[in-house]
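>>> Predicted model, plus sequence, below.
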Amino acid sequence: MRVTTDLWVSALVRRVFGAGGFAAVVKRGATEAGAVFVLSRGRFGDAALYGPAPQTSYDSAKPDERFFTLLDTSDDASAFDTRLDKEKRFDPDIWVVEIEAGSVPLEELVSVKAE
């Protein structure tokens, strides 16, 4: 059984703070479900946007795990606003979580799959 998105996002935020980073829910989506997008900010102004991985990335042995894929990188996080607005129009139930992971790599906080 997969946990609700609300619970998963809450756990992610706690993991980030526990690792010495900062996290904020920028857009709250549907409590039960909803795609999660993670905007990761680095200490030097670099940013990366991660979104749900394609269904083909999922392992039938672990169907409940959430996987992410790198969508884009930029030196300006505001460049992702247009992309996220487009996603919100397509699916108003999305979640957007902004993270400054600190000294812990994002890959230790969320499962990232290479395309």
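Here it is on my side, so go on.

>>> Grab the nearest non-local neighbour of Gly34.
Spatial nearest neighbour of Gly34, chain neighbours left out: Asp93 (4.0 Å); criterion: Cβ to Cβ, 6 or more residues apart in numbering. Glycine gets a C-beta too; all of them are placed from N, C-alpha and C.

>>> If you tally nearby residues, what's the number for the one you found?
The burial count assigned to Asp93 is 15, neighbours taken as other Cβ atoms under 10 Å.

>>> tell me the contacts of it?
Neighbouring residues of Asp93 by Cβ atoms under 8 Å, 6 or more residues apart in numbering: Gly29, Ala30, Ala33, Gly34, Ala35.

>>> okay if I get the residues you listed as a markdown table plus neighbour count?
Output for these, formatted as a markdown table (neighbours: other Cβ atoms under 10 Å):
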| residue | neighbour count |
| --- | --- |
| Gly29 | 21 |
| Ala30 | 15 |
| Ala33 | 12 |
| Gly34 | 20 |
| Ala35 | 17 |
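
>>> Check which element follows the longest strand belonging to the chain along the chain.
Scanning the chain for the longest strand, with DSSP state E as the assignment, gives strand 67-74. Next helix or strand after strand 67-74 toward the C-terminus (DSSP states H and E): helix 80-90.

>>> List the buried residues of that following helix.
Phe80, Leu84, Glu87 (16 or more other Cβ atoms under 10 Å).

>>> if you skip the residues just before and after it, what's nearest to the second one?
Meaning Leu84. Spatial nearest neighbour of Leu84, chain neighbours left out: Val96 (6.0 Å); criterion: Cβ to Cβ, 6+ apart.

>>> quick one: the residue nearest to Gly34 is in a helix?
No. Under DSSP: H, G, I helix; E, B strand; the rest coil, Asp93 falls outside any helix and is assigned coil.

>>> Could you number the chain from 3 rather than 1 from now on?
Okay, residue one is now 3; in that scheme the one you just asked about reads as Asp95.

>>> Alpha carbons only: can I get the helix or strand containing Val11 in PDB?
Taking DSSP H and E as the definition, Val11 sits inside helix 7-20. Output in PDB follows, covering the C-alpha atoms of helix 7-20 (Å, rounded to 0.1, in the frame of the first residue of the first chain):
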ATOM      1  CA  THR A   7       1.400  12.200  -0.800                       C
ATOM      2  CA  ASP A   8       0.700  14.400   2.200                       C
ATOM      3  CA  LEU A   9       2.500  11.900   4.500                       C
ATOM      4  CA  TRP A  10       5.300  11.300   2.000                       C
ATOM      5  CA  VAL A  11       6.000  15.100   1.600                       C
ATOM      6  CA  SER A  12       5.900  15.600   5.400                       C
ATOM      7  CA  ALA A  13       8.500  12.800   5.800                       C
ATOM      8  CA  LEU A  14      10.700  14.400   3.100                       C
ATOM      9  CA  VAL A  15      10.600  17.800   4.800                       C
ATOM     10  CA  ARG A  16      11.600  16.200   8.100                       C
ATOM     11  CA  ARG A  17      14.400  14.200   6.500                       C
ATOM     12  CA  VAL A  18      15.800  17.400   4.900                       C
ATOM     13  CA  PHE A  19      15.700  19.300   8.200                       C
ATOM     14  CA  GLY A  20      17.200  16.300  10.000                       C
END
